[in-house]
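Undergrad: fold the stuff below for me.
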Amino acid sequence: MARLTSAGTTTFIALLMSSTAALADVTPEQVWESWQKQYSAYGFTVTPGSVERDGDVLTISDLVLTNETTTEIGTDKTVSKTVLNVPSILLEDLGDGTVQGTVDGEIDGTNETTDATGKSETAKIKIDKTDASVVISGTPEEMSYLVDAPSVTANIEAQPATPGGKPALLGMTLTGLTGTQSMSSVGGQGTKADLKATGMSLTMTGTDPEDATTINAKIDMKDLAIKGDTMMPEGADAAKLGDAIAKGMHTNSDMSYGALTFTMDSDTKQGPVTVSGSAESGHAIIAFSRDAVRYAATGTKTKVDVQTAEFPMPMSASIDQGEIDFAMPLAATAEPQPFTGKVSLVGLSLSDQIWKMIDPTTKLGHGPATLIIDLTGKGKAMVDLFSPAAAASPVPPVEIDSLDVNKLQLTAAGAELTGAGALTFDNSMGMPMPLGAVDLKLSGANKLMDGLVAMGVMPQDQVMFAKMMMGMYAVPTGDDLFTSKIEFKEGGHILANGQPIK
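TA: Below is the predicted model of the structure:
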């Protein structure tokens, strides 16, 4: 499927902004000059058909925005070209130092992606708004926008890769978009945003050309809030992301949403498949700069229902909370820098229909499952990870200095494994050598293994071997309760409760 660049997304959002701030002094010409600088900073070529002033109104007609980027990963090379056509922009001097802007007509365009083999994929783009206005205030260097757009719609029609195929359709509609945005030309091109929307709807339809499987999906969100800032320094080329980051490009975004629902209907060779679900709320953070990158997301009270031709009765699963959080340094430094790695799935429950298929005789515990892996530590990049040298390296050029196992938990089918510990690493011998200890606790393992034998999932001899290993490397502390201390010693030795493993 053809891809719309992030610069293209930034551009069409900027075109639909509206603002009404006071204490300002800008002219239509200054606003237009600011917009051109913003588009150019993100790699767009700006080509207006005409720019004419008539009284208080500056009209930019037949505007064409063109962006072309090249992405190279190893020997793979992809070229993406986006063209947006804006029929008319009206910038009106309101006489009080502010400027009102409107986009007259529907924005359309194309995105073409070509890979190293010459294969191309094309998508058609259409962007529309309902009663969105733009009133810009501030100064030529620092402009402010107050957003008030009842509806913003974007549609992408990805053309089929094979003749006779059906296009894939992607749609997005934002409703009740309000908030503020600022644009600055001090030290580069910077933007800050604090926006809210009462709702957002995403739709997708498509057909797999290989097996004719069809997909019809929809996601609805309520109460969105988006905060963020981005800076593109002077002289940075947005088309060369690594170069731009090295010169100081950075971005931070924080998005949250309220109630979410989704549906997906699919027709396959095996029959129809229906998936639906909901979530109470969610939150995501994306940030990157020359120094570090972070991605974090949480979701609460998520439920999924699945119905297929093989299993016509709905099968359900729910989770109380899911969380991921990854952060790591990007720039080469002499001293180790902090990193984070966390995955958390708390309260995963399966419906009775699923348990009846898995465990009809109730040999296992059917309570909610939980998985938590919470790691922090320090490490350093040996070279800038956004540099060509890092891309050419067969392994990530990073060095781990220390690792803290803050929490390890796996709860499932009546058994539970927990753990915590801390390690340091000796990197002087090439292969990192861990030093430290991790304490583990295990409960319900014997009952779980006996249940798996009764179900015919595990053979008795394998269970006997597993129990023998537990007896060697774990200490019984109660009824089906065990503890173990895993120690990492000098010279690569590993001990479990004092017994050598390696």
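Undergrad: measure stretch 479-493 end to end?
TA: Stretch 479-493 has an end-to-end distance of 31 Å (criterion: Cα to Cα, to the nearest Å).
Undergrad: give the buried residues for that stretch.
TA: Residues of stretch 479-493 classed as buried: 481, 482, 483, 484, 485, 486, 487, 488 (neighbour count, 16 or more other Cβ atoms under 10 Å). The way it works is simple: take the backbone N, C-alpha and C, and place the C-beta from them, glycine included.
Undergrad: mind checking how far the residue sitting furthest away from the middle of the chain is from residue 157?
TA: If you look at how far each residue of the chain sits from its centre, by Cα atoms, centre = their mean, the farthest one is residue 55, at 46.4 Å. With distances taken as Cβ to Cβ, to the nearest Å, residue 55 is found 39 Å from residue 157.
Undergrad: same check, this time on residue 458
TA: Residue 458 sits 51 Å away from residue 157, going by Cβ to Cβ.
Undergrad: so for residue 7, what's the pLDDT?
TA: Looking at residue 7, its pLDDT stands at 41.
Undergrad: tell me the secondary structure for residue 31?
TA: Assigned by DSSP: H, G, I helix; E, B strand; the rest coil, the conformation of residue 31 is helix.
Undergrad: my read: it touches residue 135, true?
TA: No. Between residue 31 and residue 135 no contact is recorded; they are 10.2 Å apart, counting by Cβ atoms under 8 Å.
Undergrad: contacting residues for residue 365?
TA: 413, 414, 415, 444, 448 (Cβ atoms under 8 Å, 6 or more residues apart in numbering).
Undergrad: quickly list what residue 424 is bridged to.
TA: residue 402, residue 435 (DSSP bridges).
Undergrad: brain fart, residue 349
TA: Beta bridges link residue 349 to residue 318 when assigned by DSSP bridges.
Undergrad: that one against residue 318, yeah?
TA: Yes. Contact between residue 349 and residue 318 holds when scored by Cβ under 8 Å: they sit 5.1 Å apart.
Undergrad: what about the strands in the stretch 1-150 of the chain?
TA: Counting by DSSP state E, counting those that start in this stretch, one finds strands in the stretch 1-150 of the chain at the ranges 44-47, 50-54, 57-73, 76-93, 99-104, 107-114, 120-130, 134-138, 142-158.
Undergrad: so what secondary structure elements neighbour the first one?
TA: Okay, so that is strand 44-47. Taking 3 or more Cβ pairs under 8 Å, 6 or more residues apart in numbering; DSSP states H and E as the contact definition, the neighbouring helices and strands of strand 44-47 are helix 28-41, strand 57-73.
Undergrad: format the contacts of residue 365 as TSV; extra columns: distance to residue 344.
TA: Conversion of the contacts of residue 365 to TSV gives the following (distance: Cβ to Cβ, whole Å):
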residue	distance to residue 344
413	19
414	21
415	19
444	21
448	22
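Undergrad: returning to that earlier point: looking at the buried residues of stretch 479-493, which are in helices?
TA: Counted as lying in helices by DSSP state H, out of the buried residues of stretch 479-493, is not a single one.
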